[in-house]
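Colleague: Got a sequence here, can you build the structure:
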Amino acid sequence: MKLIRFGEEGHEKPGVIINEKRYDVSAIVSDFDESFFENNGLETLKAALESNPVLPEVDQNVRLGSPVARPSKIICIGLNYVDHCRETGAPIPAEPIIFFKSTTSLCGPDDDLIIPKNSTKTDWEIELAFVVGKKASYVEEADALDYVAGYALLNDYSERAFQIEMGGQWAKGKGCDTFAPLGPFLATQDEIVDVNNIPMWLTVNGKKFQNSNTSNLVFKIPFLVHYLSQFMTLLPGDIISTGTPPGVGLGIKPDPIYIKPGDVIELGMDGLGSSKQVAKAYSK
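Modeller: Okay, here's the model as predicted:
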């Protein structure tokens, strides 16, 4: 299944994509949130759809929100592509680097990117994200995929001056509003033939900067589920973003490139769709 949430910000309804058309499933489930995943919502929805119910079609022009509502946390993995480590001058990690994005950074796939107040170095990062399907604590790597609800496209926007030059943890450069556009949809595992071989790309104003494949991940999803669950309980609906490949603005030589108001950032992954954000300056 491909799960979507549609409608005005803060008033989204759950839906699905079937044969490239969008349908409202709010008569079947209330939302794609922690309660939905915790209470076997994927199987309930799948069974309901197999009975071929008459569903209201959703216009293609209606805004898409994040396909997951109100996750308890957004966990990110840093420096998880070998070439990205090299371009940033960082060593390849012996163990996953973990940081958090604030849940208030989550937004729809095509919502505007708001460049934060006082920002000078807002940057892009295409990433494969996965969503936790059930409560996970001390999970064995061999069982890890049983805890994955599905996969989605995410842009891990980052303000490099906040992140790197202002001391402390990375989180201050990662959690700004609109810094985590997710989607367009959440694809359940059966929709993806090989999650370890997904081509991915990102352009800024039509110029391709990132062009890679999930085959280049240092730490794969089963290990990440196992590893993270040794340190914290993962709750249904939690979003885990697996890191970005080379081609971020910070790594461009000789002079880094950062996002300006009016820039158009587009990104996509095979099987997970594409998204587009237009950068705008912060205003009250």
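
Colleague: Assumed residue 84 was part of a helix.
Modeller: Yes. Assessed with DSSP: H, G, I helix; E, B strand; the rest coil, residue 84 lies in a helix.

Colleague: Make residue 1 into 55 and carry on from there
Modeller: Sure, I'll start numbering at 55, so the last one becomes residue 138.

Colleague: how near is it to residue 307?
Modeller: 14 Å (C-beta to C-beta, to the nearest Å). The C-beta positions use only the backbone N, C-alpha and C, and glycine is treated the same way.

Colleague: Equivalent analysis for residue 155, please.
Modeller: Using C-beta to C-beta, residue 155 is found at 27 Å from residue 307.

Colleague: which one of these two has more residues nearby?
Modeller: Remark: of residue 155 and residue 307, residue 155 carries more neighbours, 24 against 6, as counted by other C-beta atoms under 10 Å.

Colleague: Show the contacting residues for the more buried one.
Modeller: 128, 130, 210, 225, 228, 229, 233, 234, 295 (C-beta atoms under 8 Å, 6 or more residues apart in numbering).

Colleague: Looking at strand pairing, list the partners for the first one.
Modeller: This means residue 128. Under DSSP bridges, the beta-bridge partners of residue 128 are residue 155, residue 293.

Colleague: Return the distance of it relative to residue 99.
Modeller: 23 Å.

Colleague: Neighbour count: the two, which is higher?
Modeller: Legend: neighbour count by other C-beta under 10 Å for residue 128 and residue 99, higher for residue 128 (26 against 20).

Colleague: For the longest helix along the chain, buried residues please.
Modeller: The longest helix of the chain (DSSP state H) is helix 95-104. Going by neighbour count (16 or more other C-beta atoms under 10 Å), the buried part of helix 95-104 is 95, 96, 99, 103.

Colleague: One more: stretch 163-170?
Modeller: 163, 164, 165, 167, 168, 169, 170.

Colleague: OK, contacts around the second one?
Modeller: Okay, so that is residue 164. Neighbours of residue 164 in contact, by C-beta under 8 Å, 6+ apart: 117, 118, 235, 238, 329, 330, 331.

Colleague: which of these count as buried?
Modeller: So, by 16+ other C-beta under 10 Å, the buried ones in the contacts of residue 164 are 118, 235, 238, 329, 330, 331.

Colleague: burial count for residue 334?
Modeller: For residue 334, the count of nearby residues is 14 (other C-beta under 10 Å).

Colleague: So what's the residue count around the closest residue in space to residue 116 that isn't next to it in sequence?
Modeller: Excluding the flanking residues, the one nearest residue 116 by C-beta to C-beta, 6 or more residues apart in numbering is residue 60, at 5.0 Å. Residue 60 sits with 22 neighbouring residues when counted by other C-beta under 10 Å.

Colleague: right, and residue 214 touches residue 304 too?
Modeller: Yes. Counting by C-beta atoms under 8 Å, residue 214 touches residue 304, with 5.3 Å between them.

Colleague: distance of the residue nearest to residue 116 from residue 187?
Modeller: Residue 60 sits 22 Å away from residue 187, going by C-beta to C-beta.
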